[in-house]
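Enquirer: take a look and give me a structure for this.
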Amino acid sequence: MRPLFAAIAATATFVAVLSGAGVALAYERVPTRTPGLWESATITNAGRTTVKECVDERTDRLVLQLVAVLTCKNTDFKRTEDGYAAGARCSAGGMTVDNKITVTGDFDQWARAEALTTMTSTDDQSALNRTFSTAIETRRLGDCAEGQIPGDIVLPGGKTVHVNPSNKR
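Expert: Numbering: from 1, shown residues only. Prediction:
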């Protein structure tokens with residue numbers, strides 16, 4: 001798996017857990033990061049990919065929409081001594097995905113998410129079954145750069161994508 005695809009998949013996994021925990025979030029909310037420019041590194045067995053994200057309160061969780069096709073059940077979300085823990089079992093496209101995630105950090109200057117994901121084929125295609133771990137480390141760099149708007153993500157190589165449909169470029 002190429003590192004950029006791994007980063008997107010890892011982000012989707014992380015967000016799938018949080019989106020699946022939506023009902024529980026009414027009782028315990030995931031904190032949003034302080035608005036500004038954040039550098040996020042996704043670390044998997046496929047490598048490390050770093051992006052820069054311009055976020056505000058509305059766009060920090062906007063990525064949840066990227067995994068709207070997942071159907072999650074048996075979710076939990078809770079505050080722990082060190083941060084937060086969540087889990088979800090999701091299904092899409094003939095696969096079930098079991099996620100366990102922990103999130104730590106102050107969310108003002110840094111945060112770290114660690115996920116253990118087990119993918120299992122529901123179509124008896126055992127060659128697709130696998131378990132992998134992902135870590136996402138993020139730190140605040142300061143204010144968003146001139147010309148950036150919340151929802152901008154600067155990919156490796158400098159290309160910017162915008163993930164906030166309510167705040168069009």
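Enquirer: return the distance of the residue at the greatest distance from the centre of the chain relative to residue 94.
Expert: In the chain, the residue that sits farthest from the middle, by CA atoms, centre = their mean, is residue 124; the gap is 28.2 Å. According to CB to CB, to the nearest Å, residue 124 stands 10 Å off from residue 94. Every C-beta, even on glycine, is put in place using the N, C-alpha and C of the backbone.
Enquirer: swap in residue 118?
Expert: Taking CB to CB, one finds residue 118 at 15 Å from residue 94.
Enquirer: what about the helices in this protein?
Expert: Here the chain has its helices, by DSSP state H, at 3-20, 22-25.
Enquirer: and the residue nearest to residue 132 when sequence neighbours are not counted, how many neighbours does it have?
Expert: Closest residue to residue 132 apart from its sequence neighbours, by CB to CB, 6 or more residues apart in numbering: residue 117 at 5.7 Å. Other residues near residue 117 come to 23 when the count uses other CB atoms under 10 Å.
Enquirer: pretty sure residue 117 contacts residue 98?
Expert: Yes - between residue 117 and residue 98 there is a contact under CB atoms under 8 Å: 7.1 Å.
Enquirer: hang on, the earlier thing: okay, residue 118 and residue 94: which has more neighbours?
Expert: residue 118 (14 against 11).
Enquirer: picking that back up, what about the residue farthest from the centre of the chain, distance to residue 164?
Expert: As judged by CB to CB, residue 124 and residue 164 stand 40 Å apart.
Enquirer: please apply the same query to residue 48.
Expert: Going from residue 48 to residue 164 by CB to CB gives 26 Å.
Enquirer: where does the protein dip in pLDDT?
Expert: When residues are selected by pLDDT under 70, those of the chain lie in 1-30, 61-75, 165-169.
Enquirer: can you show me the strands along it?
Expert: With strands called from DSSP state E, the chain shows them at 36-44, 47-55, 71-79, 83-92, 95-105, 110-121, 130-142, 152-154, 160-162.
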